[in-house]
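[1] My questions concern the predicted model and sequence given below.
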Amino acid sequence: MGIREDIEELAKEAEWQVRERKWVPSDDDHTVAARVAADLRAAVGTPQSQQELFAVTRLGHLREALAAVTIALAHIHGAMAWFLGAAATALTPILHWRAVPARHSHTFGAVSPPLQQYAEAEEAIRRLQDTLARLSTA
């Protein structure tokens, strides 16, 4: 599976847990979810706005989104931490991407993904943002 599919499965599981009252988000969960949702929205704009950017800028935005998730993870415990940890894990392929040419082919394993992978990762971030926005009021 890819990033988009992993985030979709994670979002569905979180929504199911909340719906079935297996996870009742706390006030802290609501606060963290709202903050991360806002950070993700700021990092990854609309599909149209992202497509107009250079690959290096798009990659920077994706890394900002991943950073927002991991920073929030450091400040929360319980189910929200597990959810954010799984989200961060799903987004880790972004860390192996590069958007600039390799001068001497020494890239520490970084690869230059096709632009379609950028779009799929951005869609995943938007899905994660949507789920977090819902969790902030659940």
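    All right, it came through fine. These figures come from a predicted structure and were not determined experimentally.

[2] in the protein, what spans have low per-residue confidence?
    Applying pLDDT under 70 to the chain picks out no residues at all.

[3] Tell me where it has helices.
    Secondary structure of the chain by DSSP state H: the helices cover 3-19, 27-43, 47-51, 55-73, 79-91, 115-135.

[4] quick one: contacts of the first one?
    To tie it back to what came earlier, the one meant is helix 3-19. With Cβ atoms under 8 Å, 6 or more residues apart in numbering as the test, helix 3-19 has contacts from 1, 22-25, 79, 83, 86-87, 90-91, 93-94, 117, 120-121, 123-125, 127-128, 130-131, 134-135, 138. Every C-beta, even on glycine, is put in place using the N, C-alpha and C of the backbone.

[5] Tell me how many other residues crowd residue 62.
    26 (other Cβ atoms under 10 Å).

[6] measure the residue lying closest to it once chain neighbours are set aside to residue 2 for me?
    Excluding the flanking residues, the one nearest residue 62 by Cβ to Cβ, 6 or more residues apart in numbering is residue 94, at 4.8 Å. To residue 2, residue 94 is 12 Å away according to Cβ to Cβ, to the nearest Å.

[7] Among the two, which residue is more densely surrounded?
    Neighbour comparison, residue 94 and residue 2: the larger count goes to residue 94, with 19 against 13 (by other Cβ under 10 Å).

[8] which residues sit in contact with the most centrally placed residue in the chain?
    Nearest to the mean C-alpha position of the chain, by Cα atoms, centre = their mean, lies residue 125 at 4.1 Å. By Cβ under 8 Å, 6+ apart, the contact list for residue 125 reads 7, 40, 43, 44, 62, 65, 91.

[9] Widest-spaced pair of those residues?
    Using Cβ to Cβ, these reach their maximum pairwise distance at 7 and 43, which is 14.5 Å.

[10] Please identify which of those two sits among more neighbours.
    Neighbour count, other Cβ under 10 Å: between residue 7 and residue 43, residue 7 has more, with 24 against 20.

[11] Grab the nearest non-local neighbour of the more buried one.
    residue 124 (4.0 Å).

[12] Quick check: the one you found vs residue 22, distance?
    23 Å.
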